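[1] Predicted model and sequence follow; I will ask about them next.
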Amino acid sequence: SQDVSNGLRSPICCILGHVDSGKTKLLDCIRSTKVQEGEAGGITQQIGATFFPVQNIRKRTKELKADAKLNVPGLLVIDTPGHESFANLRSRGSGLCDIAILVVDIMHGLEPLTIESLSLLKMRGTEFIVALNKVDRLYGWKICPNAPILKAMKQQSKDVHIEFGNRLNQVIAQFKEQGLNTELYYKNKEMGETFSIVPTSAITGEGIPDLLLLLVQWAQKTMIEKLTYQNQVQGIILEVKVVEGYGTTIDVVLVNGVLREGDRIVVCGMKGPILTNIRAILTPHPMKELRVKGVFVHHKEIKAAQGIKIAAQGLKHAIAGTEMHVLGPDDDLEYVKEAAMED
Ligand code: GTP
Ligand code: MG
Ligand code: NA
């Protein structure tokens with residue numbers, strides 16, 4: 001399902017925002033999973049990755065009638081922790097993405113870690129879309145499960161419209177204080193200059209179709225060059241962890257290229273470069289979270305973009321956040337080792 005004729009890879013989208021703004025829950029809503037409920041204290045402590053095949057995105061956005069316009073194989077979404085102590089993980093996540101979702105809780109507006117996330121995005125010049133989440137918490141909200149946001153808004157009372165408008169204006173003003181123009185996406189006439197806001201609920205699903213469609217269409221429209229698939233392998237280690245039956249494994253975001261079982265890889269280690277052979281390439285099923293213990297699918301080879309788990313010997317001292325290098329037949333080992341340690 002990763003084979004594409006038009007040569008585009010899946011956009012990689014990072015999800016950022018203040019603690020408890022609903023990042024994981026939004027992904028749960030799209031995946032129909034309950035990852036968030038399984039987290040200790042409801043707090044995300046690791047970076048995750050989920051692949052959404054384009055067929056699922058088509059299905060989810062059908063009501064918006066945009067079928068023909070989706071031409072990427074899917075969307076790879078990277079979940080990050082909002083908690084203060086995970087700044088390094090947020091930086092890692094935002095560093096490798098093509099586009100981002102910045103989640104803002106409509107009841108709280110911009111919070112300290114929203115602003116921290118914002119500065120990461122600004123620093124890297126990453127395009128992002130604001131998910132103004134938890135709209136179902138507006139007093140008197142009438143639930144319209146998984147409806148496009150305009151359709152849901154039409155069902156709301158005058159009071160809900162007034163509260164929504166007030167809170168939205170506050171958020172727009174707070175972004176302005178941060179030097180950014182934002183606007184509801186369906187009123188935004190100057191995408192690129194003005195950042196789009198999509199109202200969402202991660203619990204009842206309103207606005208989710210809009211968020212998905214906007215993400216994919218925006219990426220396709222403005223990032224063709226960046227999203228053009230390249231053979232040169234590019235992979236970044238998200239997490240290093242022990243998995244029963246596999247020993248120490250690395251979770252990798254494969255941004256470009258093809259990986260095969262048996263490939264020789266070099267990664268940056270605490271005690272020097274690690275040279276090893278890929279023993280197994282694993283992924284969760286589509287629409288499932290890489291960081292959650294579950295059923296893994298084995299791949300003889302896999303094409304970017306994907307979130308994968310690699311089992312190999314000697315990974316114990318691998319360092320998360322660094323690049324994974326593949327040693328080709330013509331590559332000079334010493335040179336690749338040096339490159340690996342430069343991260
Ligand atoms: P961290 O990963 O710990 O930073 O949090 P998070 O941003 O991933 O938020 P999480 O998904 O853990 O959600 C936090 C809490 O808000 C949970 O209790 C969710 O059930 C609740 N929540 C998230 N989204 C919504 C929403 O749209 N509506 C309502 N009513 N509650 C929500
Ligand atoms: Mg979370
Ligand atoms: Na949380």
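    That came through fine. Ligands and ions are numbered 1, 2, ... in the order given.
[2] Which stretches in the stretch 1-150 of the chain count as strands?
    12-17, 48-53, 74-79, 99-105, 127-133 (DSSP state E, counting those that start in this stretch).
[3] Ok, the stretch 151-300 of the chain next?
    Using DSSP E, counting those that start in this stretch, strands in the stretch 151-300 of the chain cover 182-184, 195-199, 234-243, 247-256, 258-260, 264-267, 274-277, 280-284, 296-299.
[4] Which among these is found nearest to ligand 2?
    Proximity to ligand 2 (C-beta to the ion) singles out strand 234-243 among these, at 14.7 Å. (Glycine included, C-beta is placed from N, CA and C.)
[5] how about the residues of the stretch 1-150 of the chain near ligand 1?
    By C-beta under 6 Å from any ligand atom, the residues of the stretch 1-150 of the chain that approach ligand 1 are 17, 19-25, 36, 42-44, 81-83, 133-134, 136-137.
[6] hmm, 5 Å instead?
    The stretch 1-150 of the chain has residues 19-25, 36, 42-44, 81-82, 133-134, 136-137 near ligand 1, with proximity defined as C-beta under 5 Å from any ligand atom.
[7] list the buried ones in stretch 275-283?
    For stretch 275-283, the neighbour count (16 or more other C-beta atoms under 10 Å) marks L275, T276, I278, A280, I281, L282, T283 as buried.
[8] Go through these and name the one nearest ligand 1.
    T283 (22.0 Å; C-beta to the nearest ligand atom).
[9] so the closest one bridges to which residues?
    Beta bridges link T283 to V297, judged by DSSP bridges.
[10] Who are the contact partners of I237?
    Residues counted as contacts of I237 (C-beta atoms under 8 Å, 6 or more residues apart in numbering) are I250, D251, V252, V267, A318, I319, A320, G321, T322, E323, M324.
[11] Recalculate using a threshold of 7 Å.
    Counting by C-beta atoms under 7 Å, 6 or more residues apart in numbering, I237 makes contact with I250, V252, V267, A318, A320, G321, T322, M324.
[12] What strand or helix carries the last one?
    Read that as M324. Following DSSP states H and E, one finds M324 within strand 323-326.
[13] residues contacting the closest residue to ligand 1 within the chain?
    Nearest to ligand 1, among the residues of the chain, is G82, at 2.4 Å (C-beta to the nearest ligand atom). Applying C-beta under 7 Å, 6+ apart, we find G82 in contact with G17, H18, V19, D20, S21, K23, T44, L113.
[14] And the lowest mean pLDDT element among the helices and strands of this structure?
    Ranking every helix and strand in the chain by mean pLDDT, DSSP states H and E puts helix 87-95 at the bottom, with a mean of 82.
[15] ok, and for it, which residues are buried?
    Using 16+ other C-beta under 10 Å as the test for burial, helix 87-95 gives L89, R90, S91, R92, G93, S94.
[16] May I see those organised as a markdown table, with distance to P329 added?
    Below are the buried residues of helix 87-95 laid out as a markdown table (distance: C-beta to C-beta, whole Å):
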| residue | distance to P329 |
| --- | --- |
| L89 | 35 |
| R90 | 38 |
| S91 | 35 |
| R92 | 31 |
| G93 | 33 |
| S94 | 35 |
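[17] Now do the same contact list for L333.
    L333 touches L327, counting by C-beta under 7 Å, 6+ apart.
[18] can you rerun that using 6 Å?
    Listed by C-beta atoms under 6 Å, 6 or more residues apart in numbering, the contact set of L333 is empty.
[19] Just want the phi and psi numbers for it.
    Torsion angles at L333 (phi, psi; degrees, to the nearest 10) stand at phi -60, psi -50.
[20] how much space between it and L327?
    7 Å (C-beta to C-beta, to the nearest Å).
[21] any low-confidence regions in the chain?
    By pLDDT under 70, the low-scoring segments of the chain are 1-6, 67-68.
[22] For the buried residues of helix 87-95, work out which two are farthest apart.
    L89 and S94 (9.6 Å; C-beta to C-beta).
[23] Buried among the contacts of G82? Need that as a selection in ChimeraX.
    In ChimeraX, a selection of the buried entries from these looks like this (16+ other C-beta under 10 Å):
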select :17,18,19,20,21,23,44,113
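[24] Narrow the contacts of G82 to those in helices?
    Residues of these located in helices (DSSP state H): K23, L113.
[25] could the contacts of G82 go into CSV alongside distance to P199?
    Formatted as CSV, those follow (distance: C-beta to C-beta, whole Å):
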residue, distance to P199
G17, 14
H18, 17
V19, 21
D20, 18
S21, 13
K23, 16
T44, 23
L113, 20
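[26] wait, which of the contacts of G82 is closest to G74?
    Nearest to G74 out of the contacts of G82 is K23 (C-beta to C-beta; 19.3 Å).
[27] T204 is in contact with C29, correct?
    No. Taking contacts as C-beta atoms under 6 Å, C29 lies outside contact range of T204: 8.4 Å.
[28] of the two, who's got more company?
    Taking neighbours as other C-beta atoms under 10 Å, C29 and T204 compare with C29 leading, 23 against 20.
[29] Leaving out sequence neighbours, find the closest residue to the more buried one.
    Using C-beta to C-beta, 6 or more residues apart in numbering and skipping the chain neighbours, the partner closest in space to C29 is A202 (4.7 Å).
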